[in-house]
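K.L.:
what would the 3D arrangement of this be:
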Amino acid sequence: MSPTRLTLLLFAGTVGFACHDPPNEHEEFCASDVVFRILFEVQDSEVDADLDAVARSGRTTAALTVDGRLAVADADGVLRYIDAQPAARLRHLAIAPAPCKPAHVCETAALLAVGDGGAAWRSVDGGRTYAALDLGITADLRHVEFVLPLVSPEPQVGIGFIVGDGVLLRSTDEGASWQPVALAAADAGSLHAVEGIDDWAYAVGDAGLVLESHDYGVTWTRLAHPFTDDLRRVHTDHHEALAIVTADGAVLLKDDAGALVRHEPQTPLVDVVPILDEGLLAAYADGRLGPWPESSGVAEAIELPALPRVLSPANSLLTVAGAGGSLAAVWTEDRKFACEAQPY
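P.N.:
Numbering: from 1, shown residues only. The predicted structure follows:
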């Protein structure tokens, strides 16, 4: 994940965003002592249910409600339910990285949604139509993720991971086909989330289970630590940065020695993600979006129009999905960069 200050402004004009820009905010920001500020723009949505997952890549945005209904942003950027909803309850979705040509013209992204009873729905036209995908399993699936290797043959193809109740699957063809990954009996627990970058990947689950891979997900080993919390979210933006959120809102972070350390926040966390240079950005259970730790003082927390439920980093955007079908794009602006005169 690499937030920028310009990309979002160019992108927002094409996908139905409403800008949040209070008067005099820039002047107040430049006169403050904070390191950066948090900005957001709200996307138009006709979805009326709380969102539990969101994925964005290029011009494709898709989301899942808490009851498993699929919604996709239309050509005007408005998030709407799709007409043909799957029978099974879907839990998570992800978009495979689309190969891009010069001038940032990207091919249509493949999208995969997974859920209960081994359900998988795949789209190859940006979420307009879907086809059921037979994974050959009946386990409940909870999370799907795609990773674009930094070093790979041309054309680049996304590697995918699916985790669920005692299963971990891997794909090397943007989710068209999947193969189970053999895990040690002690490691085949109930997994809830997976994320990777380049050749590293992490999967987390119940009773403190943390698995890591250093070979594009071919093999996995347990990361030893003393904690037994049920783990629900995991994010990383490079090999050393690892942030895990527990079911009760605590956070596990990797220290400089590579060991996991448990932190108990004053306000429970909903999610937390690494952001470029500024450290960690957290969604708190009281509805605030702000830096972690809370006492860092590097930025002032903000309140979004609706309670945030999940943070989804992708390329230069951090998408926040929340209550009542709300969707917002979030990025940070460095005070020194924004307020000092720039040479031309």
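
K.L.:
what are the boundaries of the helices in the stretch 1-150 of the chain?
P.N.:
Ranges of helices in the stretch 1-150 of the chain, per DSSP state H, counting those that start in this stretch, are 7-12, 25-30.

K.L.:
hey, least reliable of those helices by pLDDT?
P.N.:
The minimum mean pLDDT among the helices of the stretch 1-150 of the chain belongs to helix 7-12 (a mean of 28).

K.L.:
poorly predicted segments of this protein, please.
P.N.:
Scanning the chain for pLDDT under 70 picks out 1-24, 98-108, 150-157, 238-240, 276-278, 315-316, 341-344.

K.L.:
could you redo the last one with a cut-off of 80?
P.N.:
Applying pLDDT under 80 to the chain flags residues 1-26, 58-59, 97-109, 148-158, 237-241, 275-279, 314-317, 340-344.

K.L.:
let me see the contact set for Y81.
P.N.:
With contacts defined as C-beta atoms under 8 Å, 6 or more residues apart in numbering, the neighbours of Y81 are E46, V47, R69, L70, A71. For every residue, glycine as well, the C-beta is placed using N, CA and C.

K.L.:
what about 10 Å?
P.N.:
E46, V47, D48, A49, A63, T65, R69, L70, A71, V72, G325 (C-beta atoms under 10 Å, 6 or more residues apart in numbering).

K.L.:
what's the spacing between it and D125?
P.N.:
Separation of Y81 from D125 (C-beta to C-beta, to the nearest Å) stands at 17 Å.

K.L.:
go on, R69?
P.N.:
Distance, R69 to D125, using C-beta to C-beta: 19 Å.

K.L.:
more neighbours, those two?
P.N.:
Comparing R69 with D125 by other C-beta atoms under 10 Å, the one with more neighbours is R69, at 17 against 12.

K.L.:
just the buried residues of stretch 118-132, please?
P.N.:
In terms of neighbour count (16 or more other C-beta atoms under 10 Å), stretch 118-132 has its buried residues at G118, A119, A120, W121, R122, S123, V124, G126, G127, Y130.

K.L.:
helix, strand or coil for the residue nearest to W178 when sequence neighbours are not counted?
P.N.:
Ranked by C-beta to C-beta, 6 or more residues apart in numbering and with sequence neighbours excluded, the top spatial neighbour of W178 is L169, at 4.4 Å. Taken by DSSP: H, G, I helix; E, B strand; the rest coil, the conformation at L169 corresponds to strand.

K.L.:
nothing else from me, thank you.
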